[in-house]
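> 3D model of this:
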Amino acid sequence: MNKLHTALPREYFWPLPAHSAASQAPRRVGLEIEFAEVSVDDAAELVRALWGGEICAQGPRDIQVKGGQFGDVKIELDIALKTKWAEDIAAKALGDLVPVEIVTPPLAQSDLRHAEHLTSALRKAGAKGSRAALAYSFGLHLNPELPTPDGSGLVAVARAYALLEDWLRASDPIDPARNIMPFVDRWPNALVEALVAGENWSVDDLAIAYARHAPSRQYGLDLLPALEHLRPELLTDVPDTQLKGGRPTFHYRLADARVDEPGWSIAYEWNRWVLVERVATTPDVLDALASDWTGHHASLTSTRGNWVAQVESRLERYYDLLRD
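As a prediction, the model looks like this:
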């Protein structure tokens, strides 16, 4: 495993980097945490005990804890079908295969430690995570606000993720059950190729390319919410089923939710994301990786494993620049 990845902190949260002079304002992040073997009701009680607020039932599988320390928190069974009766049947038949999900409001980065306290409480209550059973496919979704209201910085982050995705997957492989589900697909090669070549792209260019090559919500990094917020008029080729409302955030869903494993932490997964943004805001590293990628794909004998090794080598060279 890469030296930089091994050194990622698990006990504290790296701050997000500033992408420009206009992106100095503190950015918030919403979390979605999936798990099994703690009920919706019990999870709501844990949230209320830690963060305060009033428990308000919205339905048989949906509770909100309103007015707590950080705002309203949603706890639900993560199942969405066309009709309530179909959801009832599926929830009963699938049991713990349908995860309970806690959806936080946007949190200040300084408050992310409180989310870590929540996962510790879930662990003590018996919650099980991604690798506790063969068929579990639970994820931790991170929704960091965009660097600026106008979307500047979005293209650089997209390019960095395109270049780092294979390395992220290889450095800590996701649970096999999640890997075969259509929720965390790799970005298509055509999109990666376009992004590597798109050094001077605008947000318009990104929206057009994303709609052409990746018109789906089912990727490890889902950019459709951000692009629907910023450039909805350029997403006309995206199926309506994939456009569920824009919001000014990234939607990073690659991380497992290993809530029952003592060595796992939200901080660790968060810092993996921050590393992507640090590459995006370090032009020397981003340009070097893009050059490496071009040379790698020009080779007739290149493999994905070779590319992961090249990324590791490049990150090692910039270790002091990227670490805290």
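> elements contacting the longest helix anywhere in the chain?
Identified as the longest helix of the chain according to DSSP state H is helix 154-171. Other helices and strands packing on helix 154-171, by 3 or more C-beta pairs under 8 Å, 6 or more residues apart in numbering; DSSP states H and E, are helix 189-197, helix 203-213, strand 221-222, helix 266-280, helix 283-298, helix 304-317. Placement of C-beta: from N, CA and C, glycine included.
> and the nearest residue in space to G198 that is not next to it in sequence, how far from R231?
In this structure, G198 finds its nearest non-sequential neighbour in D205, 6.0 Å apart by C-beta to C-beta, 6 or more residues apart in numbering. D205 sits 10 Å away from R231, going by C-beta to C-beta, to the nearest Å.
> the more surrounded of these two?
R231 (19 against 15; other C-beta atoms under 10 Å).
> who does the most centrally placed residue in the chain bridge with?
Closest to where the C-alpha atoms of the chain average out (C-alpha atoms, centre = their mean) is Y252, at 1.9 Å. Beta bridges link Y252 to L142, L221, judged by DSSP bridges.
> which ones are touching G305?
For G305, the contacting residues are A170, by C-beta atoms under 8 Å, 6 or more residues apart in numbering.
> please apply the same query to N306.
N306 neighbours (C-beta under 8 Å, 6+ apart): H296.
> measure it to S299 for me?
Between N306 and S299 the distance is 8 Å, computed by C-beta to C-beta.
> again with Y268
Y268 sits 33 Å away from S299 when distances are taken as C-beta to C-beta.
> stretch 283-303: how far from the chain's middle?
The chain centre lies 25 Å from the centre of stretch 283-303; the measure is C-alpha atoms, centre = their mean, to the nearest Å.
> and it, what's buried?
By 16 or more other C-beta atoms under 10 Å, the buried positions in stretch 283-303 come out as 285-286, 288-290, 292-293, 296.
> so which of those residues is the closest to L168?
Here the nearest of the buried residues of stretch 283-303 to L168, counting by C-beta to C-beta, is L289; it sits at 12.9 Å.
> and the closest one, what pLDDT?
Predicted confidence (pLDDT) for L289: 97.
> spatially nearest residue to it, not counting backbone neighbours?
Nearest residue to L289 in three dimensions, chain neighbours excluded: L163, at 4.4 Å (C-beta to C-beta, 6+ apart).
> now for that neighbour, how many residues are close by?
Counted with other C-beta under 10 Å, residues neighbouring L163 total 25.
> and the pLDDT at it?
Per-residue pLDDT puts L163 at 97.
> now W270
Note for W270: predicted pLDDT of 98.
> quick one: residues contacting it.
By C-beta under 8 Å, 6+ apart, the residues touching W270 are 13-14, 29, 112, 142.
> one more time with 7 Å
Applying C-beta atoms under 7 Å, 6 or more residues apart in numbering to W270 gives the contacts 13, 112, 142.
> measure the first one to L254 for me?
Taking C-beta to C-beta as the measure, F13 and L254 are separated by 17 Å.
> the residue nearest to the centre of the chain reaches L142, doesn't it?
Yes. Using C-beta atoms under 7 Å, Y252 makes contact with L142 at a distance of 4.5 Å.
> so which strand or helix has A57?
Using DSSP states H and E, A57 maps to strand 54-59.
> list the helices and strands that strand packs on?
Of the remaining helices and strands, those touching strand 54-59 by 3 or more C-beta pairs under 7 Å, 6 or more residues apart in numbering; DSSP states H and E are strand 62-68.
> and the strand it packs on, how far out from the chain's middle?
Strand 62-68 has its C-alpha centroid displaced from the chain centroid by 23 Å (C-alpha atoms, centre = their mean).
> show residues contacting that strand.
So strand 62-68 is in contact with 40-41, 44, 47-48, 51-58, 72-76, going by C-beta under 7 Å, 6+ apart.
> show me where pLDDT drops low in the stretch 1-150 of the chain?
Along the stretch 1-150 of the chain, segments meeting pLDDT under 70 span 1-2, 60, 78-97.
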